[in-house]
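Participant: Structure for this input, please:
(one chain, ligands or ions: 1)
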Amino acid sequence: MFKKIVKLIVNPFIIFHFKNRLKFFLKKNCECNKILILDIDNTIANTWVYLKNKQSETNISYKDIPVLSKTLDHIATYYATLPIVFLSHRNVMTFNETSQWLNQKITKKEHLLVLVSNPYDKLYYINMVLKKSKVIYYDDLSYNHEKGIVFFYDKIINEVKKLDLIYYDYEFIKELNQNISHVE
Ligand SMILES: [Mg+2]
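Facilitator: Sure, this is the predicted structure:
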């Protein structure tokens, strides 16, 4: 309950912050007519396998989460030159750790990390990018894998499918990585 109230109060400030950063990033990359939007967990990071295997009482060590290399290979093959916006439903307190992980494991080139405290806020940022550029979007939009049953953010998926973008979904990412990462 307390957490929920804090979230409600803090969330508008978080959105304001990331909205401005995204505006600036889009301005800076305005000559590029395509932008890559990448989710992190279970899209480019093998998060659920890490969570399942970790000792339950230990904290999440974000730096130790392995990559989903086949997703990265796909991106490198088709979209290597595009500016990247990482769009992740992670707590804003993980920003620095997530940022370090991205710099170490994913890309040295300039990118933007946007964190949302509510997954539905992703639609807001995607639409912001779509106003300026074409979008290629990778996102499993699923959760709960580590507990054995996969759930989907169906409402968000339906909204994404209505948008004019190229969307690589859960099934695509699962298919890509099936031989190496035990994605369910
Ligand atoms: Mg995900």
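Participant: elements contacting the longest helix belonging to the chain?
Facilitator: The longest helix of the chain (DSSP state H) is helix 2-28. Counting contacts by 3 or more Cβ pairs under 8 Å, 6 or more residues apart in numbering; DSSP states H and E, helix 2-28 is packed against strand 111-115, helix 121-130. Yep, even glycine has a C-beta here, placed from its N, CA and C like the rest.
Participant: Would you map the strands across the chain?
Facilitator: For the chain, the strands defined by DSSP state E cover 34-38, 84-88, 111-115, 134-138, 142-143, 151-152, 166-168.
Participant: possible to save those as TSV with mean pLDDT and distance to the ion?
Facilitator: Listed next are the strands of the chain as TSV, based on pLDDT from 0 to 100; distance: least, Cβ to the ion, whole Å:
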stretch	mean pLDDT	distance to the ion
strand 34-38	97	10
strand 84-88	98	7
strand 111-115	97	13
strand 134-138	98	9
strand 142-143	95	7
strand 151-152	96	11
strand 166-168	98	12
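Participant: any idea which residue sits dead centre in this protein?
Facilitator: When the chain is reduced to its mean C-alpha position, the nearest residue by Cα atoms, centre = their mean turns out to be residue 39, at 1.7 Å.
Participant: Nearest residue to it in space, please, no chain neighbours.
Facilitator: Take residue 39 and drop its neighbours on the chain: the residue closest to it by Cβ to Cβ, 6 or more residues apart in numbering is residue 139, 3.7 Å away.
Participant: about what we covered before: and the residue nearest to the centre of the chain, what's its pLDDT?
Facilitator: pLDDT, residue 39: 98.
Participant: How about residue 179?
Facilitator: Residue 179 is given a pLDDT of 69.
Participant: same question, residue 110
Facilitator: 85.
Participant: what's in contact with the least confident helix or strand in the chain by mean pLDDT?
Facilitator: The helix or strand of the chain with the lowest confidence, counting by mean pLDDT, DSSP states H and E, is helix 170-181 at a mean of 86. With contact meaning Cβ atoms under 8 Å, 6 or more residues apart in numbering, helix 170-181 is reached by 42-43, 46, 49, 68-71, 73-74, 138, 140-142, 150, 152, 183-184.
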